[in-house]
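K.L.:
what follows is a predicted structure for the sequence shown.
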2 protein chains.
Amino acid sequence: MSDKRTRLVEAAADLAHRRGFRETSLAEIAEAAQVPLGNVYYYFKTKDALAEALIERWLEEMRAARAAWEAAGGPVERLEACIDVAARGREAVARSGSPVGGLCTELGKSGGPLAEKAKALFREQLDWIEVQLHALGGGAEAPALAIHLLSGLQGASVLAHAQGDPALVVYEAEMLKAWVRRLPQRLRAQA
Amino acid sequence: MSDKRTRLVEAAADLAHRRGFRETSLAEIAEAAQVPLGNVYYYFKTKDALAEALIERWLEEMRAARAAWEAAGGPVERLEACIDVAARGREAVARSGSPVGGLCTELGKSGGPLAEKAKALFREQLDWIEVQLHALGGGAEAPALAIHLLSGLQGASVLAHAQGDPALVVYEAEMLKAWVRRLPQRLRAQA
DNA sequence: GTCTATACCGAGATAGAC
DNA sequence: GTCTATCTCGGTATAGAC
C-alpha cells in the first residue's frame, strides 16, 4: 500500500539515530525518503506523529530481535545473543550511540505523550531479560539483575559514542557475557 | 567581575540538563539568568561558545567532585563515594538523566569541535577510576573495569530517565558498590 | 558595558492546483 | 493521492542608541 510511509519512517529512523530526531528536519527526512516535503503531511499529521511511528517501528524491530534470540538456546545463550547485538553494531554505536537509547533520552526530555510511549521500548526489553533471569534462578533479584545487564549495555553505548571508540562496547560486552555465564552458579551458591 | 557570565552558564547548565541544549533557546537562558537577550552576545559570540563554557564548567565541577572523593579514604571508599553521587541525585536523574551523559550524547551527534571538547568529560573520569582500580590491583584489566563501572552508572541514568523511576539508579548503585567491595579479593584470587 | 529593536533564516505546517 | 508554493513563527545573531 503506502510504500512511501515505510520509506519515511525508515529514513527518520536513520537520521534520528545519527543526528537526533529534533535536530533533523522534515525536509531532510523527506529528501532521504525520496518523498516531496508537502506529501509528508498526507501520511503524518505532525512531526510528533512521525516520532510515534518511529517508536512503533523500534518496538516491532526489538520484538523480532527477541524472537530471534529465543531461538539461540537456553537463557544464558539467549542473553549472550542479546549482548552480542551491541558488540556487532559497535561501529554504528561509536558513531551515533544506541538508537533506542538515544531516542528515549531525547523524547524523555520533551516530556508529553511521546515520552510515555517510548517507555515501552525499555520496559519490554527489561521484562524479557527478567524472564530469562528467572529461568536461571534469579528469583526476587531478577529485576535488579536485569537492570544491571541493560544498564551496562546502554552505558557502554553512551561512552563509546562520546569517545568515538567502538572498543568500549566490546570490552563491556565481554564483561557482561562473562557475568551472565557465571550467574547460574552464583545464584545456586547463594540459595 | 562578570557575575552575569556566571549566571548565564549556570542557567544554561540547568536548562540544558532538563530540556537539552539545542532544544533550549538563548532567550530562555537569558531570562533564567536575568540577563537581557541582546546582552548574551557580549559574553558569548555564539551559542556554541556558550556550550563550550558549559563543558568547561562541568570539567571543573567534576574535578572538584573527584578531589572530594579522594578524601573519602582508600580506593574502595573513593569509588563508593563516586557511585553514591548518582544514587543521591536519583530524583534529578529520573527527571532528566545524567547531566554530563546527556550533554556528551547531544554534542556527540552534532559532531565538530564541541564533540571533541566534550570527550574530556568522560576521559578524565575514566582515567581517575582507572587509577583507583590500579591501586586495587586491577593491573592490565583496569581500563575494562573502569569502563564497566562508568557504563553501569551512565546506563542506569539512561534507564531511570527513560522510565522516570529513581529506584533504577539505586538498584544499580548498590550492585556496583557490592562489585567494587568484592573486587580486591577477586583480583587477588586471579593473580 | 548594557540593552532595545530588528534583520534574517530555517523550521513546521497549510492551501490549493492537479 | 500527490506535489508546489507559501504562510507563520521562533530561533540565532546583529545594529546601534545609551
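P.N.:
All right, it came through fine. Residues are numbered from 1 along each chain as shown, chains lettered A, B, ... in the order given.
K.L.:
other SSEs contacting the strand or helix carrying residue A:49?
P.N.:
Take DSSP states H and E as the rule and residue A:49 turns out to sit in helix A:47-70. Identification of packing neighbours for helix A:47-70 by 3 or more Cβ pairs under 8 Å, 6 or more residues apart in numbering or on different chains; DSSP states H and E yields helix A:3-19, helix A:26-32, helix A:75-88, helix A:99-110, helix A:112-135. C-beta: built from backbone N, CA, C; applies to glycine.
K.L.:
residue of chain A closest to DNA strand D, please.
P.N.:
Closest contact between chain A and DNA strand D, by Cβ to the nearest atom of the strand, is at residue A:38 (2.0 Å).
K.L.:
give me the helices and strands touching the host helix or strand of that residue, please.
P.N.:
In this structure, residue A:38 sits in helix A:37-43 according to DSSP H and E. On a contact count with 3+ Cβ pairs under 8 Å, 6+ apart, helix A:37-43 meets helix A:3-19, helix A:26-32.
K.L.:
that one near DNA strand C anywhere?
P.N.:
Yes - under the criterion of Cβ under 7 Å from any atom of the strand, DNA strand C is reached by helix A:37-43 at A:37, A:38, A:41.
K.L.:
ok, the first one to residue A:53 distance?
P.N.:
To residue A:53, residue A:37 is 17 Å away according to Cβ to Cβ, to the nearest Å.
K.L.:
how is chain A partitioned into domains?
P.N.:
Each domain of chain A is listed here as a residue range: A:1-45, A:58-190, per automatic domain parsing.
K.L.:
give me the mean pLDDT for the longest one.
P.N.:
This predicted structure assigns domain A:58-190 an average pLDDT of 98.
K.L.:
distance between that domain and the chain's centre?
P.N.:
Its chain's C-alpha centre lies 8 Å from the corresponding centre of domain A:58-190 when counted by Cα atoms, centre = their mean, to the nearest Å.
K.L.:
over to the shortest one?
P.N.:
With Cα atoms, centre = their mean as the basis, domain A:1-45 stands 20 Å off its chain's centre.
K.L.:
about what we covered before: mark which of the residues of helix A:37-43 next to DNA strand C are buried, thanks.
P.N.:
When neighbours are counted using 16 or more other Cβ atoms under 10 Å in any protein chain shown, the residues of helix A:37-43 next to DNA strand C contain no buried positions.
K.L.:
mind putting those residues into JSON lines with distance to residue A:14 and pLDDT?
P.N.:
Below are those laid out as JSON lines (distance: Cβ to Cβ, whole Å; pLDDT from 0 to 100):
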{"residue": "A:37", "distance to residue A:14": "18", "pLDDT": "98"}
{"residue": "A:38", "distance to residue A:14": "22", "pLDDT": "95"}
{"residue": "A:41", "distance to residue A:14": "20", "pLDDT": "98"}
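K.L.:
tabulate those (TSV), appending distance to residue A:131.
P.N.:
Listed next are the residues of helix A:37-43 next to DNA strand C as TSV, based on distance: Cβ to Cβ, whole Å:
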residue	distance to residue A:131
A:37	44
A:38	46
A:41	41
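K.L.:
near DNA strand C, which residues of chain A show up?
P.N.:
A:24, A:25, A:26, A:27, A:37, A:38, A:41, A:45, A:46, A:47, A:48.
K.L.:
buried members of the residues you listed into PyMOL, please.
P.N.:
Typed into PyMOL, the next command selects the buried ones out of the residues of chain A next to DNA strand C (criterion: 16+ other Cβ under 10 Å):
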select buried, chain A and resi 24+26+47
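K.L.:
report the contact partners of residue A:9.
P.N.:
Contact partners of residue A:9, counting by Cβ atoms under 8 Å, 6 or more residues apart in numbering or on different chains, are A:50, A:53, A:54, A:57.
K.L.:
change it to 6 Å
P.N.:
With contacts defined as Cβ atoms under 6 Å, 6 or more residues apart in numbering or on different chains, residue A:9 is in contact with A:53, A:57.
K.L.:
could you check how far it is from chain B?
P.N.:
Computed with Cβ to the nearest Cβ, to the nearest Å, the distance linking residue A:9 and chain B is 20 Å.
K.L.:
likewise for residue A:31?
P.N.:
Relative to chain B, residue A:31 is positioned 19 Å away (Cβ to the nearest Cβ).
K.L.:
of all the residues in chain A, which ones are close to chain B?
P.N.:
Where proximity means Cβ under 6 Å from any Cβ of the partner chain, the interface of chain A facing chain B comprises A:19-20, A:101, A:104, A:108-109, A:119, A:122, A:144, A:147-148, A:151-152, A:154-156, A:158-159, A:161-163, A:168, A:171-172, A:175.
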